[in-house]
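Enquirer: Task: produce atomic coordinates for the following.
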Amino acid sequence: MKKLLQNFDMLSMEEIKMIESTAFRILDEVGVKVDNARVIEVLESSGARADAKAGKVFFDRKYMEKFLAEAEGVDQTIDQNVRASGGIGGYGLNYFDPESGTVKKNTLKSAENIIKLADYLPNISTIGLGAVPGDIPAVLIPLYGRYLLWRHSENKWAGDGLIWDIKLCPYIVEMSEIMKQDTVRTKKPFLQKYLNASIFLISPLHFAREEAEQFVWFWERGHYIHLDIMTTMGANAPVTIAGALAKHLAEGFFACILDRVFYGRKQLWLTLYGAPIDMRNGSQPYGRPETQLMGIAGAQILRYYKSAAGAGPSANTTAKADDIECGLNLASGAMLGLLSSGGPSMDMDLLSVDEIISPVKMVLANEYANYVNRLLDGFKINEDTLAFDVMKEVGPGGLFMDHEHTVTHFKEEIWLPEFMSHEMMASWLNSGKKTIVEKAGEKVLDVWKTYHPKGISDETERKLLGVIERAKRELVR
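Expert: Below you'll find the predicted structure:
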């Protein structure tokens, strides 16, 4: 049988070319404002057109066609062995406490607990700083965040690209160098990228001063830093999906040009995603159909360019609790990803866009990933699974539950959830009437009590905390 994974194409080639042509025109006729003379100088030396007085750079069609012709694409064949998974990370200031049933401000302890839970849950593949501790000086969050992620994750990729302030750059590099020498992590069978730094282009077509300075700081010292894009339809991009795609693609090309010119990277690390603005209140809600349409179209465009990065429908939510809205957003994103972009990937932790991190959602999203993986597994059709001889043996009026064939096959054929309902009403009433959220909350508290991963040695921990303490003395007034 065929697997459910697909690459659904919703755009014609003519439509892709129209979006590309508009992105080219943006770069050629509108240009990108760059608040850094050194960046402008280097880009101009690569063949870009610069207007030093206006602080802008332009890339004409000839430049872009040559740039794309020299790009190294990656294989876009669907991996039929891919599994449903997701990550955490979004800098939530608050968290849902399953013990009290209330939303609380994040602390160092709650951030530690959330990282531990993410490390425990098998379908969470990457761990970022989902919880922003409010009980430390704000300037130290990028340093404490890295320490917490490295210290309390043992089995997963854990890292963060947060910088915030250029004064933190030396401390970030020093902590990353310490991690390279760690004697515990290096024994792990996975690659850990310790020096992870990223910045965002938020204002449209504007590489702002602070981010540009951070970019130059890392580049001049031989360290890689990536520029990512944020798009909000109706705010920093046209309200139309087509216009938002063209604007985001132009900015993505600019980020890839930086990769090529400053670092020699020929692969394209393009992204294409966005969310609409709510015209009633100015918020940027997640879980909307416009985001899904942009993700599906974006995934097709990135396949066209054979991008090393990807795009797809979003499984984020604006729901304020682990409720039906949250579940609908999670499920729609995963299912659309399954059927349109070669793999379901889910946001496992955040509520209210990124204001609240929910450990309960993490547990339930992990179980939903198992649900999706059961769909991905499909089913076999052969003489054994068709079970004609079994039906002949049981015969009319018989029962299959105690047959050897059922005992042999039920574990691989029938998915057994841990938290989703699996009993009838009377049994549920007699067993305490616990909801799925209550059961997941109990699981969270049990993991926090019993699971204690340690991803670094005592010596590395001492050195990392030493760097943070020095930064505290030097930066906190």
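Enquirer: drop to CA atoms for contacts and neighbour counts, all remaining ones
Expert: OK.
Enquirer: Under the pLDDT cut-off, which ranges of the stretch 1-150 of the chain? List them.
Expert: The model of the stretch 1-150 of the chain has no residue with pLDDT under 70.
Enquirer: So which residues of it form helices?
Expert: 13-25, 37-45, 61-69, 108-120, 141-152 (DSSP state H, counting those that start in this stretch).
Enquirer: Any figure for the gap between the nearest residue to F67 once chain neighbours are set aside and H226?
Expert: Distance criterion Cα to Cα, 6 or more residues apart in numbering; nearest residue to F67, sequence neighbours excluded, is I257 at 7.9 Å. Relative to H226, I257 is positioned 11 Å away (Cα to Cα, to the nearest Å).
Enquirer: Same question for V103.
Expert: From V103 to H226 the distance is 33 Å (Cα to Cα).
Enquirer: which residues in the stretch 351-477 of the chain form strands?
Expert: 356-357 (DSSP state E, counting those that start in this stretch).
Enquirer: what about the helices in it?
Expert: Using DSSP H, counting those that start in this stretch, helices in the stretch 351-477 of the chain cover 359-377, 383-386, 388-394, 404-413, 425-430, 436-450, 458-475.
Enquirer: deepest of those helices, which one?
Expert: For the helices of the stretch 351-477 of the chain, average neighbour numbers computed from mean count of other Cα atoms under 10 Å are highest in helix 359-377, which has a mean of 22.
Enquirer: Who are the packing partners of that helix?
Expert: Using 3 or more Cα pairs under 8 Å, 6 or more residues apart in numbering; DSSP states H and E, the elements in contact with helix 359-377 are strand 94-97, helix 108-120, helix 436-450.
Enquirer: Just send these back as a markdown table, with distance to L351 too.
Expert: Formatted as a markdown table, those follow (distance: least, Cα to Cα, whole Å):
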| stretch | distance to L351 |
| --- | --- |
| strand 94-97 | 9 |
| helix 108-120 | 14 |
| helix 436-450 | 14 |
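Enquirer: Would you quantify the distance from L27 to M233?
Expert: L27 is 19 Å from M233, by Cα to Cα.
Enquirer: just checking, what packs against the one helix or strand G295 maps to?
Expert: Secondary structure from DSSP states H and E places G295 in helix 289-304. The elements that helix 289-304 packs onto, with contact taken as 3+ Cα pairs under 8 Å, 6+ apart, are helix 241-263, strand 275-276, helix 324-340.
Enquirer: Counting neighbours, what do you get for A242?
Expert: By the criterion of other Cα atoms under 10 Å, A242 has 18 neighbours.
Enquirer: show me what contacts it?
Expert: Shown in contact with A242 (Cα atoms under 8 Å, 6 or more residues apart in numbering): I19.
Enquirer: Pretty sure R146 sits against D160.
Expert: Yes - taking contacts as Cα atoms under 8 Å, R146 lies within contact range of D160: 6.1 Å.
Enquirer: which residues do those two both contact?
Expert: L129.
Enquirer: quick one: D9 and G342 touch, right?
Expert: No - under the criterion of Cα under 8 Å, D9 is not in contact with G342, lying 11.2 Å apart.
Enquirer: related to what we said a few turns ago, quick one: which of I257 and H226 has more around it?
Expert: Higher neighbour count among I257 and H226: I257, with 22 against 16, using other Cα under 10 Å.
Enquirer: May I have stretch 92-106 as CSV, with CA atoms only?
Expert: Extracted in CSV, the C-alpha atoms of stretch 92-106 (Å, rounded to 0.1, in the frame of the first residue of the first chain):
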residue,chain,number,x,y,z
GLY,A,92,7.0,31.9,26.9
LEU,A,93,6.9,34.2,29.9
ASN,A,94,4.3,32.1,31.6
TYR,A,95,3.5,28.4,32.1
PHE,A,96,0.5,26.3,32.9
ASP,A,97,1.1,24.6,36.3
PRO,A,98,-0.7,21.3,36.3
GLU,A,99,-0.5,21.0,40.1
SER,A,100,-2.4,24.2,40.8
GLY,A,101,-4.3,24.4,37.5
THR,A,102,-3.3,28.0,37.1
VAL,A,103,-1.0,30.1,34.8
LYS,A,104,2.2,31.2,36.6
LYS,A,105,5.3,33.3,35.7
ASN,A,106,8.2,31.2,34.6
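Enquirer: Kindly state the beta-bridge partners for the most centrally placed residue in the chain.
Expert: Taking Cα atoms, centre = their mean, the centroid of the chain lies closest to G87, which sits 5.5 Å from it. For G87, the beta-bridge partners are T126, D347 (DSSP bridges).
Enquirer: contacting residues around it?
Expert: I124, S125, T126, I127, G128, M346, D347, M348, D349.
Enquirer: Likewise for R288?
Expert: Here R288 is in contact with A275, P276 (Cα under 8 Å, 6+ apart).
Enquirer: Looking at the helices of the stretch 351-477 of the chain, which is nearest to W219?
Expert: Closest to W219 of those is helix 458-475 (Cα to Cα; 22.2 Å).
Enquirer: In CSV, list the C-alpha atoms belonging to that closest one.
Expert: In CSV, the C-alpha atoms belonging to helix 458-475 read as follows (Å, rounded to 0.1, in the frame of the first residue of the first chain):
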residue,chain,number,x,y,z
ASP,A,458,30.1,18.6,37.0
GLU,A,459,33.2,20.4,35.8
THR,A,460,31.5,21.8,32.7
GLU,A,461,28.6,23.0,34.8
ARG,A,462,31.0,24.8,37.1
LYS,A,463,32.7,26.5,34.2
LEU,A,464,29.4,27.6,32.6
LEU,A,465,28.0,29.0,35.8
GLY,A,466,31.3,30.8,36.2
VAL,A,467,30.9,32.6,32.9
ILE,A,468,27.3,33.6,33.8
GLU,A,469,28.4,34.9,37.2
ARG,A,470,31.1,37.0,35.5
ALA,A,471,28.6,38.4,33.1
LYS,A,472,26.3,39.2,36.0
ARG,A,473,29.0,41.2,37.7
GLU,A,474,30.0,43.0,34.5
LEU,A,475,26.6,43.6,32.9
